[in-house]
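Undergrad: Model the structure of this input:
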Amino acid sequence: MLSGLTGRVIEIGAGSGLCFAHYPASVTEVVAIEPEPHLRQLAELEAQRAPVPVRVVAGTAEKLPADDGSFDAAVVSLVLCSVPDQRRALTEAHRVLRSGGQLRFYEHVRSEEPRRAGLQDRVDWIWPHLGGGCHANRDTGAAISEAGFCIERYRRFEFRPCTVLAPVSPHIIGEAARP
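TA: Numbers count the residues shown, from 1 in each chain. Here you go, the predicted model:
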């Protein structure tokens, strides 16, 4: 997901900083946005071990603390399923990217299989409470396009380490560009 990134990157919803170790040397700075204080503290520890400069900042996906067009790339990893306002979060990512900038994403998504999508809808009343706000039934690929990004490539796949995680087993990974 991070291969080939260059320049300034904003990682939206950085969590504990799990991605930091995987940024290529061609990245000059990562600004990691994380709203949750405990996760932000863990991310700050990971930032010290990262192979590139990482600055961890308090903020939310719906109101990024960054100037318009100030980043070459934005990274979201298992974030767009849990933000309260997915459309606003994607509008913000679009705003802070320069023209031609990339959005790299890895997300839970709504199943293309009608029965599984129905299961996702049925459990959405409780799943967000169990899974940190995750709404497994969002059509995130469509939302990325609707936010003005051009999806250049993506791959759908299933990841189900156990049966309990069936509602969140459909995923997409890919990249999109800001025209």
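Undergrad: I'd guessed His108 sits against Ala166; true?
TA: No. Under the criterion of C-beta atoms under 8 Å, His108 makes no contact with Ala166, lying 11.6 Å away. C-beta coordinates here come from the backbone N, C-alpha and C atoms, glycine included.
Undergrad: Compare the two (neighbour count), which wins?
TA: Neighbour totals were compared for His108 and Ala166, and His108 leads with 25 against 16 (other C-beta atoms under 10 Å).
Undergrad: Counting residues, what is the longest strand that this protein contains?
TA: Ranked by residue count, the top strand of the chain under DSSP state E comes out as strand 97-108.
Undergrad: Quick check: next helix or strand after it?
TA: Where DSSP states H and E defines the elements, the next helix or strand beyond strand 97-108 is helix 114-123.
Undergrad: Could you list the residues in contact with that next one?
TA: Judged by C-beta atoms under 8 Å, 6 or more residues apart in numbering, the contacts made with helix 114-123 from elsewhere in the structure are 110-111, 127, 136-137, 166-167, 170.
Undergrad: Could you save those as TSV and add columns showing distance to Arg8, secondary structure and pLDDT?
TA: Formatted as TSV, the entries for the contacts of helix 114-123 read as follows, by distance: C-beta to C-beta, whole Å; DSSP: H, G, I helix; E, B strand; the rest coil; pLDDT from 0 to 100:
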residue	distance to Arg8	secondary structure	pLDDT
Arg110	32	coil	95
Ser111	35	coil	94
Trp127	35	helix	88
Ala136	32	coil	89
Asn137	33	coil	93
Ala166	38	helix	82
Pro167	35	helix	82
Pro170	31	strand	92
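Undergrad: Considering these, which possesses the most neighbours?
TA: Looking at the contacts of helix 114-123 with neighbours defined as other C-beta under 10 Å, the largest count falls to Ala136 at 26 neighbours.
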